[in-house]
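1. pasting the sequence and the predicted coordinates here, then a few questions.
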Amino acid sequence: MDLHARRADSFGDQAEAYAEHRPDYPVAAIRWALEPLGTSEQLEVMDLAAGTGKLTAGLVAEGHRVTAVEPNEQMLSELVRRVHDVRALPGHAEHIPVPDHTMDAVLVGTAFHWFDQAKALQEIARVLRPGGVVAAMWNEHDLDSAWLAEFDRLSSTSVESQRQDPTGVMTHPSFGPVERRTFPHAHRRESPEALVATVNTHSRMLVVDDEERGAINEKMLAFLRTRPETSNGPFDVPLRTEVFRAVRVSE
Ligand SMILES: C[S@@+](CC[C@H](N)C(=O)[O-])C[C@H]1O[C@@H](n2cnc3c(N)ncnc32)[C@H](O)[C@@H]1O
């Protein structure tokens, strides 16, 4: 298995830690993603690559009928344990297990970069009804925060982040123009250890060897235990949630 495939499939062994330590998504980002549908009615929404249900839970809380699709068995089990009132299906973005034109929206949280994007977009176009929306979103550290920018520098690994701007790929004959919006967000952490636990759920940490992971963990902890922003009890990690959306055009 190549490194990309290994990383895409790396989350399951830490599914419980993932559910515990990763951030959710701001409700304003979810609403903006769905805004082109122009209705406050209950929508048929898919959370594609749903993981343990971070985005799924936000969609359910907004009152939508939600189908969560996730290929990793451990991640999907964790989702089923934590999120109720959801249809949970095993499946990949490249072969979405629902019929044509049955979804009002397909949302993807922090996962679009793991897909074979051309195939996935073809599949997303197939399952959406005309006028439906696709939206991909990512939680990013807000690097206007000096302590966080420094923390990111010292926690980098020999394996790079995979995330790229998806505008080029999402510009596709089945979809209208790609729009982008950024939302402020925050992730409450109780202690330095909790933020280190979050970083350890990222694939770049999951696939490096124990020696490299151990050394980075020590550096991160030493930094967080001495910085005034993070060494005096609970603190917020400032995030920006970046959302890209496009509307399915008629055939
Ligand atoms: C970083 S997690 C994001 C999970 C969740 N959406 C969230 O926001 O927390 C990436 C997820 O993408 C899933 N994934 C990886 N490759 C995939 C593919 N080809 N199709 C669908 N999901 C995939 C992984 O199993 C993992 O659960």
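-> On my side now, so go ahead.

2. where along this structure do the strands fall?
-> Ranges of strands in the chain, per DSSP state E, are 44-48, 65-70, 86-90, 103-109, 128-141, 179-189, 235-247.

3. so which of the ones you listed comes closest to residue 33?
-> Ranking the strands of the chain by proximity to residue 33 (CB to CB) places strand 128-141 first, at 3.6 Å. Glycine gets a C-beta too; all of them are placed from N, C-alpha and C.

4. partners of that closest one in the sheet?
-> Strand pairing for strand 128-141, determined by DSSP bridges: strand 103-109 (parallel), strand 235-247 (antiparallel).

5. wait, what's in contact with whatever residue of the stretch 101-250 of the chain ends up closest to the ligand?
-> Proximity of the stretch 101-250 of the chain to the ligand (CB to the nearest ligand atom) peaks at residue 109, 2.9 Å away. Contacts of residue 109 were listed using CB atoms under 8 Å, 6 or more residues apart in numbering, and they are 25, 47, 49-51, 54-55, 137-138.

6. now render the residues you listed as JSON lines, adding distance to the ligand, pLDDT and neighbour count.
-> Output for those, formatted as JSON lines (distance: CB to the nearest ligand atom, whole Å; pLDDT from 0 to 100; neighbours: other CB atoms under 10 Å):
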{"residue": "25", "distance to the ligand": "7", "pLDDT": "98", "neighbour count": "24"}
{"residue": "47", "distance to the ligand": "7", "pLDDT": "98", "neighbour count": "30"}
{"residue": "49", "distance to the ligand": "3", "pLDDT": "98", "neighbour count": "26"}
{"residue": "50", "distance to the ligand": "5", "pLDDT": "98", "neighbour count": "31"}
{"residue": "51", "distance to the ligand": "2", "pLDDT": "97", "neighbour count": "25"}
{"residue": "54", "distance to the ligand": "4", "pLDDT": "98", "neighbour count": "21"}
{"residue": "55", "distance to the ligand": "5", "pLDDT": "98", "neighbour count": "29"}
{"residue": "137", "distance to the ligand": "8", "pLDDT": "97", "neighbour count": "25"}
{"residue": "138", "distance to the ligand": "9", "pLDDT": "97", "neighbour count": "20"}
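
7. one step back: and the strands paired with strand 128-141 as CSV, adding distance to residue 133 and mean pLDDT?
-> Output for the strands paired with strand 128-141, formatted as CSV (distance: least, CB to CB, whole Å; pLDDT from 0 to 100):
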stretch, distance to residue 133, mean pLDDT
strand 103-109, 5, 98
strand 235-247, 6, 98
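
8. which residues of the stretch 1-150 of the chain lie near the ligand?
-> 8, 11, 22, 49-51, 54-55, 70-72, 75, 92-94, 109-111, 114-115 (CB under 6 Å from any ligand atom).

9. show me which of these are buried.
-> Among those, the ones that count as buried by 16 or more other CB atoms under 10 Å are 8, 11, 22, 49-51, 54-55, 70-72, 75, 92-93, 109-111, 114-115.

10. related to what we said a few turns ago, please identify the most buried of the strands paired with strand 128-141.
-> strand 103-109 (a mean of 27; mean count of other CB atoms under 10 Å).

11. that one versus strand 65-70: what angle between them?
-> Interaxial angle of strand 103-109 relative to strand 65-70 (axes from the mean of the first three to the mean of the last three CA atoms, to 10 degrees): 40 degrees.
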